[in-house]
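Please work out how this folds:
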Amino acid sequence: MFKEKTAKWLLPIMALGVVYGDLGTSPLYVLNTAFSKIGLHIKINQLSIEGIASLIIWSLIIVVSLEFIFLLMKADNAGEGGILALVGLIKHHFKESSKIKKYLILVGIIGVALFFGDSTITPAISILSAVEGLNVISTSLNRLVIPITIIIVLGLFFLQKKGSSFIGDLFGPIMLIWFITIGVAGLFEIIKLPGILVSLSPTYAINFIIQQPITAFISLGAVVLAITGSEALYADMGHFGRQPIKKAWLFVVLPSLISCYLGESAIILNHHFTLNNPLLYLFPNNLRLAMTILATIATIIASQAVISGAFSLAKQAIQLNLLPKIKIIHTSDIESGQVYLSLVNWLLMIAVLFLVLFFQSATNLAEAFGIAVSGTILIDGILYLFVVKKIWRQSLLTVLLKLIFIIPLPLLFFSSNLQKIISGGWFPILIAILVITIIYIYLKGEKIVTKERRLLAKPVDKFIQEIDQTKPSIQRLKGNGVYIGHHQDLTPLALHACINQFHEIQENTIIVTTEVLNLAHNDAQHQRINYRQLSSLHGIIIHIHLSYGYHDYIHIPKDINHYLQKNSTAYFISLTEIILTNKKNMPYWQKTLFRYLNQNSVTSSEFYHLPLNKTIQIKYPIPL
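Numbers count the residues shown, from 1 in each chain. Below you'll find the predicted structure:
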């Protein structure tokens with residue numbers, strides 16, 4: 001992790017590049033989106049400009065500062081944050097028979113699905129809004145906006161396999177330059193119109209809501225864009241720790257964003273024509289091209305952070321067995337959290353390109369943005385309150401006080417964004433529905449397959465007794481034989497096959513089973529490895545049970561190396577071959593999809609990083 005190898009004073013700077021890219025680039029599109037929506041309902045005037053500026057500032061203070069920085073980030077799971085950290089805490093502490101536990105896990109899965117929907121929109125709207133700065137420089141450059149955006153998106157996704165570590169160290173300093181630049185630019189405009197500082201008072205937001213309630217409610221659909229990336233604060237906590245993220249927010253990001261939003265509001269109030277790109281109009285003509293380039297770089301960094309977050313979340317979901325196993329490539333030998341998932345990468349790229357070509361502009365694309373963001377924030381708050389009440393055992397009064405600050409504003413944001421469903425909000429909802437469908441079918445299919453596997457396999461201790469009675473007697477071969485099992489209490493099907501069909505096993509036979517806990521990390525060696533010897537007339541058989549956290553790097557050969565003899569080693573795994581039947585345990589279309597997911601999943605040899613030239617795969621048909 002970054003926090004283990006970096007000087008403490010550098011961590012807040014590095015956090016700027018990984019954690020705050022999305023939040024930091026929001027000024028590119030928030031105000032012009034907000035006022036373009038309002039322009040359809042009322043005239044742009046001092047009331048609306050000061051009111052919306054106040055709404056944005058206090059949304060940053062309430063949602064980001066209070067909810068995430070000061071409350072949610074205290075709910076860590078072995079130092080890790082994010083929506084799956086909350087789900088992990090609930091799975092670990094709530095009773096297995098608890099009905100509320102099942103509902104909360106379902107809510108968490110919906111949050112995960114919404115995050116993937118958000119992950120498709122952020123790169124599209126961020127990069128598109130930055131490149132649209134060319135329109136301000138010269139209207140003749142407008143025709144280049146979409147082609148340049150597409151080239152950047154293609155380049156961004158095609159470079160993912162190389163990982164971001166080789167340029168990751170530059171992200172923090174670049175974003176520091178970005179925040180200083182937009183903060184200072186906003187300050188110059190505030191000096192010209194100091195009256196805009198009244199927006200710092202929440203009374204101006206309240207006054208706007210009272211005088212124009214319908215318009216204010218509609219505007220929340222745009223104001224919510226100012227807090228996109230809030231989940232990243234929480235999700236990336238494991239990389240940097242709570243304090244560096246908090247310091248970066250309080251001393252750099254929040255002051256810069258407030259200054260920038262106030263400056264943008266001031267220039268709009270003075271010159272309504274700046275509505276189409278208020279951020280770029282904060283700069284003189286001779287600096288706008290340079291600012292467009294800097295904005296584009298900042299949005300690439302923001303997009304990279306979101307894509308990396310999607311990879312990380314998918315990896316966690318796979319290891320928690322919520323999604324089928326797909327190939328995970330570790331792009332850094334130092335930082336285990338840097339991963340690449342090819343399938344996720346290309347699906348995201350297709351979705352981002354579709355959004356750019358379909359919506360054509362950042363303002364249009366903003367119609368698709370907001371539902372996933374506000375939904376995820378709302379779910380984070382709900383899960384957090386249950387952790388506070390049921391796990392931390394805090395008083396009902398404390399929970400109610402926290403509820404007042406955590407739930408109402410995200411609920412208003414989510415309600416306001418429902419108006420966008422027809423004009424663009426359908427897209428993240430569609431993505432979320434697809435993700436939920438895949439998770440549901442996979443979990444249902446896995447439950448049936450697990451039941452069938454348990455009928456085929458025998459308890460380990462009983463199987464060892466049967467080995468002694470097997471005729472002809474079992475031959476012991478030289479070397480190590482490692483048999484990968486699916487269940488801690490059952491004999492691997494591959495070992496069944498070797499005994500029943502070949503009547504032979506290795507002198508050093510090791511049964512290895514794995515488990516992913518509801519903890520982010522399980523680093524202690526004595527906690528990760530559970531070792532026991534099983535005596536037989538044919539010698540000792542070793543059973544090793546490996547327990548991982550959902551953030552851990554699973555590598556069986558490394559973890560059992562101590563127990564291997566110097567002789568050659570062979571690994572044995574059983575492959576599930578799904579055979580479709582007419583059983584009424586699952587709709588046929590779901591069976592077909594589950595079989596497709598199973599056939600296109602990576603094998604255990606790839607997932608557990610077994611050497612392919614030393615791995616023997618034995619197929620077992622499983623009726624579905």
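
Residue ranges of each domain in the chain, please.
The chain breaks down by automatic domain parsing into domains covering 10-422, 457-623.

Give me the neighbour count for the closest residue to residue 145 other than its chain neighbours.
Of all residues not flanking residue 145 in the chain, residue 131 sits nearest, at 5.2 Å (C-beta to C-beta, 6 or more residues apart in numbering). No exception for glycine: its C-beta is placed from N, CA and C like everyone else's. The number of residues packed near residue 131 is 25, by other C-beta atoms under 10 Å.

buried sites along the lengthiest helix in the chain?
Counting by DSSP state H, the longest helix found in the chain is helix 285-319. For helix 285-319, burial by neighbour count (16 or more other C-beta atoms under 10 Å) applies to 288-289, 291-292, 294-319.

Could you do stretch 353-372 as well?
Using 16+ other C-beta under 10 Å as the test for burial, stretch 353-372 gives 353, 355-356, 359, 361-372.

same thing with stretch 234-243?
For stretch 234-243, a neighbour-count test (16+ other C-beta under 10 Å) marks 234-242 as buried.

what's the average pLDDT for the lengthiest strand in the chain?
In the chain, taking DSSP state E as the definition, the longest strand is strand 504-516. Strand 504-516 shows a mean pLDDT of 84.

Show me what it is packed up against.
With contacts taken as 3 or more C-beta pairs under 8 Å, 6 or more residues apart in numbering; DSSP states H and E, strand 504-516 sits against strand 475-485, helix 493-497, strand 539-548, helix 556-560.

and stretch 286-294, what's its mean pLDDT?
90.

for the buried residues of stretch 234-243, which one is nearest residue 475?
residue 238 (48.7 Å; C-beta to C-beta).

okay but that closest one is in contact with residue 81, surely?
Yes - using C-beta atoms under 8 Å, residue 238 is in contact with residue 81, at 6.5 Å.

joint contacts of these two?
Here residue 238 and residue 81 have no joint contacts, going by C-beta atoms under 8 Å, 6 or more residues apart in numbering.

What is the neighbour count of residue 147?
10.

make that residue 613, sorry
5.

before we move on, what about residue 557?
When neighbours are defined as other C-beta under 10 Å, residue 557 has 16 of them.

wait, it sits on residue 614?
No - counting by C-beta under 8 Å, residue 557 stays clear of residue 614, with 9.1 Å between them.

and residue 298, what does it touch?
Counting by C-beta under 8 Å, 6+ apart, residue 298 touches 21, 24-25, 130, 174-175, 178.

quick one: which of those is nearest to residue 119?
Residue 119 lies nearest to residue 21 out of the contacts of residue 298, by C-beta to C-beta, at 12.9 Å.

Excluding residues flanking it in the chain, which one is nearest the closest one?
Sequence neighbours aside, residue 302 is the residue nearest to residue 21 in space, at 3.1 Å (criterion: C-beta to C-beta, 6+ apart).

Quick one: residues contacting the one you found.
21-22, 24-25, 122-123, 126, 229.

Same question for residue 131.
Contacts of residue 131 by C-beta under 8 Å, 6+ apart are 145, 148-149, 152, 292, 296.
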